[in-house]
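Asker: Here is the input, now give the coordinates:
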Amino acid sequence: MDVPAGTIILNRYRVVKLLGKGGYGAVYLAQDTRLGDKKVAVKQSYDNSSDSQQQFSLEAQLLAKLDHTNLPRVTDYFTDSSGSLFLVMDFIEGDDLWDRCALACRTPRISPRDGAAIMLQICEAVAYLHSQHPQPIIHRDIKPFNIKLCSNGRAVLVDFGIAKVYHPTKGTVRVAKAISPPFSPPEQYGGKTDMRSDVYALGATLYVMMCTDELPDAMERSTQSHRTIPPSVSKPSIPPELEAIIKRAIELDPARRFSNAAEMGAALRAFLNGQPVMPAVITPPNAGAPAGATCPRCGLVNRPGARFCARDGTPISSAPAAVNIPPEARFEIANEYANKQLFDQAIREYQLCLRDQFNHAAVYHNLGLCYRMASRSQEARFALTRGVTLYPNDEDLRYQLAMACWELKDYDSAADSMLYAIKLNPPDEDNWILFVKMLTEAKRLQEAIDVLEKLVQSRPDSARFHLELGRVLLLNDQVDKALTRLRKAVQLDRKMLEAQLWLGIALFRKKKYDDALKSFTEVTRLDATMGLAYFFIGRVHLEMNRYREGVTAFSAAGKLMKDDPDPYLFMAVCYLGLNQRRDALIAIDHALTINPSYQDALQLRAKITS
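Answerer: Below is the predicted model:
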């Protein structure tokens, strides 16, 4: 749970405001009350499992020992009474690099030299992390959002939320929390990161800083589904030496990147000093030969069709190296697609999760939801039914299945699935109303009435519950009971248009035409675009043989209810009452223009013309 502004954490840090949040944590601006309200950044982790707490304590101790001009100091870390994990750092005043890049308007404002100078500072900070003993620290979340540019020209790499100690035999873990497309390299999706993973993120950040085109996600690049536009194509003013640095840093194969941030920093320093950069970049010895497969280890471009490197015998392939993606990481990739509303891509990834036996309820839920968002309700129903079979007590799956059935107009199944979800966890008011509408559409009116009567007893102040009960009672021909409930709904909320409208309909059914007219007129006063109110005003006038008033009302209704032929049919009846046969035929023809097979209009026309 987020910490409200004004809260004092650990009797020391007063929260000023939320700076930002993601799926796994939040960052707050706070004041250190023990140091004269000095500004600090407090990072909260949402994961408070026992393993996370132990790992957090070990890594926070390491981070607290860091001291570098391009890194904020970690000054405190603790776990509060609820188990939430907090890291306290210097608050860095300045602009986010992302804002300075102005990507939103596609107008780069950073020159190649300035960009290289900024990235050199960040490379030095990351090289410092990589040089820690006994193990390097891998940042794993380098991106423009996490780089602050101070007024004095200093660039600071912030946010150690997912930094991990690197163990050569184990790599780093907890991938699902450490993916930031398009800045994460392909191996980060697969669960293993090292110093070269940070190099990729540094290169991706420099690419975004320099280019008007965004770098595609690493997994999309790996599958060749998106082409990477060379920096010089995006921005011809980029010097070839800087382009070479960027291209090497964002190589999909870690073996072809700079080995660490220090090496990349050395190349940037050489560029800024006007010194040769190419020795720091992989240069194929046989550059003049026809293009062939490149060795992932030494960078040698071999003859076309070669299966092994001529220099060191490493197996090679002209195709990008396959990336073995754990299903947990693939699930995060799918979620990323879904968040971008790329539903077809998300569906494909969720299906691959299921293929790999990653059968969690969340996969079925998200797959079904994406099918629904892609207007593929039948496939959604199939996937969600499979999920419900495996996880019968998952309320979210039951709810999504109900919605898929609702979209397919299978109202009985929709109501049954929603009923099961409600038994697992009573819903909010909106979903209670939705459940009642499902029962109503399924013609299970007495069930709907029973549900609504219980809801009204539990929430007598809910105008919506009284309205729905009155509406269903009216549909069930219990007009007197309906009037009682609808009057109560209007009493509770006089501006509720639907309550006023249904009250008028109930009064119309009771032949209390003057009272009904008052209700319908009140609706039009509150909302002059409510066509149905004008329609019923016309019905009242027709019942009272006030045909001219009826024509006026039906004409207003017809203009607002453009796809409904009824106003024109009843307008024709009013014209007949006025003995205006020609006008009646014109009105009938208008109704038939909207619905050529409208039987009531056809029969009335035949009667007039016979």
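Asker: Next, the buried residues of the lengthiest helix in the chain.
Answerer: Determined from DSSP state H, the single longest helix within the chain is helix 112-130. For helix 112-130, a neighbour-count test (16 or more other C-beta atoms under 10 Å) marks 112, 115-130 as buried. In short, each C-beta sits where N, CA and C put it, glycine included.
Asker: cool, stretch 447-464 as well?
Answerer: Across stretch 447-464, burial judged by 16+ other C-beta under 10 Å covers 447-449, 451-453, 455-456, 462-464.
Asker: And the strands in this protein?
Answerer: Secondary structure of the chain (DSSP state E): strands located at 8-9, 13-21, 25-32, 38-45, 74-79, 85-90, 95-96, 137-138, 147-149, 155-157, 164-165.
Asker: for these, which one sits closest to Leu526?
Answerer: strand 13-21 (38.4 Å; C-beta to C-beta).
Asker: Output the closest one in PDB with nothing but the alpha carbons.
Answerer: This file holds the C-alpha atoms of strand 13-21, laid out as PDB (Å, rounded to 0.1, in the frame of the first residue of the first chain):
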ATOM      1  CA  TYR A  13      11.100  10.500   7.400                       C
ATOM      2  CA  ARG A  14       8.100  12.700   6.600                       C
ATOM      3  CA  VAL A  15       6.600  11.800   3.200                       C
ATOM      4  CA  VAL A  16       6.000  14.900   1.100                       C
ATOM      5  CA  LYS A  17       4.700  13.300  -2.100                       C
ATOM      6  CA  LEU A  18       4.800  10.300  -4.400                       C
ATOM      7  CA  LEU A  19       7.500  10.800  -7.100                       C
ATOM      8  CA  GLY A  20       6.600   7.600  -9.100                       C
ATOM      9  CA  LYS A  21       5.500   4.000  -8.800                       C
END
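Asker: What is it packed up against?
Answerer: strand 8-9, strand 25-32, strand 38-45 (3 or more C-beta pairs under 8 Å, 6 or more residues apart in numbering; DSSP states H and E).
Asker: Just checking: what are the partner strands of it?
Answerer: strand 8-9 (antiparallel), strand 25-32 (antiparallel) (DSSP bridges).
Asker: give me every residue that touches Arg487.
Answerer: Each residue near Arg487 by C-beta atoms under 8 Å, 6 or more residues apart in numbering is listed here: Leu503.
Asker: Distance check, it against Gln457.
Answerer: From Arg487 across to Gln457, the span is 18 Å (C-beta to C-beta, to the nearest Å).
Asker: What of Gln603?
Answerer: Per C-beta to C-beta, Gln603 is found 47 Å from Gln457.
Asker: residue contacts, the closest residue to Ser197 other than its chain neighbours?
Answerer: Among residues not flanking Ser197 along the chain, Pro185 sits closest, at 5.1 Å (C-beta to C-beta, 6 or more residues apart in numbering). Pro185 makes contact with 193, 196-197, 200-201, 218, 252, 254, according to C-beta under 8 Å, 6+ apart.
Asker: One more pass at 6 Å, please.
Answerer: Contact analysis of Pro185 by C-beta atoms under 6 Å, 6 or more residues apart in numbering lists 197, 200, 218.
Asker: okay, the buried residues of stretch 447-464 in a markdown table with distance to Asp589 and pLDDT next?
Answerer: Listed next are those as a markdown table, based on distance: C-beta to C-beta, whole Å; pLDDT from 0 to 100:
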| residue | distance to Asp589 | pLDDT |
| --- | --- | --- |
| Glu447 | 43 | 95 |
| Ala448 | 40 | 94 |
| Ile449 | 42 | 95 |
| Val451 | 45 | 94 |
| Leu452 | 43 | 94 |
| Glu453 | 47 | 95 |
| Leu455 | 47 | 93 |
| Val456 | 47 | 94 |
| Ser462 | 46 | 93 |
| Ala463 | 42 | 93 |
| Arg464 | 41 | 92 |
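Asker: what's the farthest-apart pair in those residues?
Answerer: Glu447 and Ala463 (22.2 Å).
Asker: one step back: dump the strands of the chain into CSV; add mean pLDDT, distance to Lys65 and mean neighbour count as well.
Answerer: Putting those into CSV (pLDDT from 0 to 100; distance: least, C-beta to C-beta, whole Å; neighbours: other C-beta atoms under 10 Å) gives the following:
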stretch, mean pLDDT, distance to Lys65, mean neighbour count
strand 8-9, 92, 23, 16
strand 13-21, 89, 21, 15
strand 25-32, 90, 20, 20
strand 38-45, 90, 17, 20
strand 74-79, 88, 8, 18
strand 85-90, 89, 13, 22
strand 95-96, 86, 27, 14
strand 137-138, 86, 10, 24
strand 147-149, 93, 21, 23
strand 155-157, 94, 16, 23
strand 164-165, 53, 12, 19
